[in-house]
Each structure stands twice: as structure tokens, then as C-alpha cells.
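Colleague: generate a structure from the sequence data that follows.
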Amino acid sequence: MAAPEEEALVQYVVLRGDLRRAPLSWPLGALVAQGCHAALAAAHAHRDHPDTRAYLEQGGAMRTVVLEAVDEAALRALAATLQQHGVDHALWTEQPEDAATCLALRPYPRHQVRQHLRALRLLR
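Modeller: So this is what the prediction gives:
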């Protein structure tokens, strides 16, 4: 049986780290917007899932973890892995460039998705 911390609902957001570094050097606000778009898209797409409803009902106690994918290829590879393993998520693609910038999982207990995210580090 998982420990209480492992049962805590968390929404994981994965941003491309290369967007904040040269030569791309996106402003902080643009990066935050990408994370917000992906998180809201995932929550909306899975709004009827019991974990999503429970997470949203937590209000100010919601837990979000923001991780970093090194670049677009790594983000798309993660999305493919999540899809293959049936992990609910939303990949945010900026238009009209068709550039994947961020993805977010619907809220999950940590232990259910940890193995797919273990190689990623916290966004800094």
C-alpha cells in the first residue's frame, strides 16, 4: 500500500527548458502562459475524472510540480510514452508555429505516474 504522500494528488506540468535559454530566450511570462494553457487543457479534458474533481476541490491546497524537458523532441517523446502507457495528459502546441511547448498530466496520485517522469528534473 502506498504511503499518504504517494496518494496525494499532483498535477505534473512539463515545460521545454530550451525555450528560456538562448537563442530562443522566451520571456518568463510567455513560459508561465504555456504551463497554464497545458494545465488547464489537461484539467478540462479530464474534468469528469474523479481524481481531477478531487484535485480541483482542494482549492489552495492543490499540488503542482513543474518539470523540464530539454527540448521539443524530448517533450514529444514524453508525450508518446505517456500515450503508450495510457497516462492522461494534454500536449500544448503553440500555433501557428506548430511547436510543442508544454504538456500537463491530469491530476494523479504520485505513485501512478512517477516512473514516467523520474528522468526529468525540476524546472529552474
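Colleague: neighbouring contacts of the longest helix belonging to the chain?
Modeller: When the chain is parsed with DSSP state H, its longest helix is helix 28-45. With contact meaning C-beta atoms under 8 Å, 6 or more residues apart in numbering, helix 28-45 is reached by 11, 13, 15, 19-20, 52, 55-56, 64, 66, 88-92, 94, 101-107. Every C-beta, even on glycine, is put in place using the N, C-alpha and C of the backbone.
Colleague: and stretch 49-67, end to end?
Modeller: 23 Å (C-alpha to C-alpha, to the nearest Å).
Colleague: what residue ranges in this protein score low on pLDDT?
Modeller: Applying pLDDT under 70 to the chain picks out residues 1-6.
Colleague: quick one, helices of it?
Modeller: Counting by DSSP H, the helices of the chain are 4-7, 28-45, 50-57, 72-84, 110-117.
Colleague: to residue 123, which of those lies closest?
Modeller: Residue 123 lies closest to helix 28-45 among those, at 8.6 Å (C-beta to C-beta).
Colleague: how about residue 18: what's its closest non-neighbour residue?
Modeller: residue 71 (4.5 Å; C-beta to C-beta, 6 or more residues apart in numbering).
Colleague: could you report the neighbour count for that neighbour?
Modeller: 16 (other C-beta atoms under 10 Å).
Colleague: picking up where we left off before, quick check: angle from the longest helix of the chain to helix 50-57?
Modeller: Note on geometry: by axes from the mean of the first three to the mean of the last three C-alpha atoms, to 10 degrees, helix 28-45 and helix 50-57 are set 130 degrees apart in direction.
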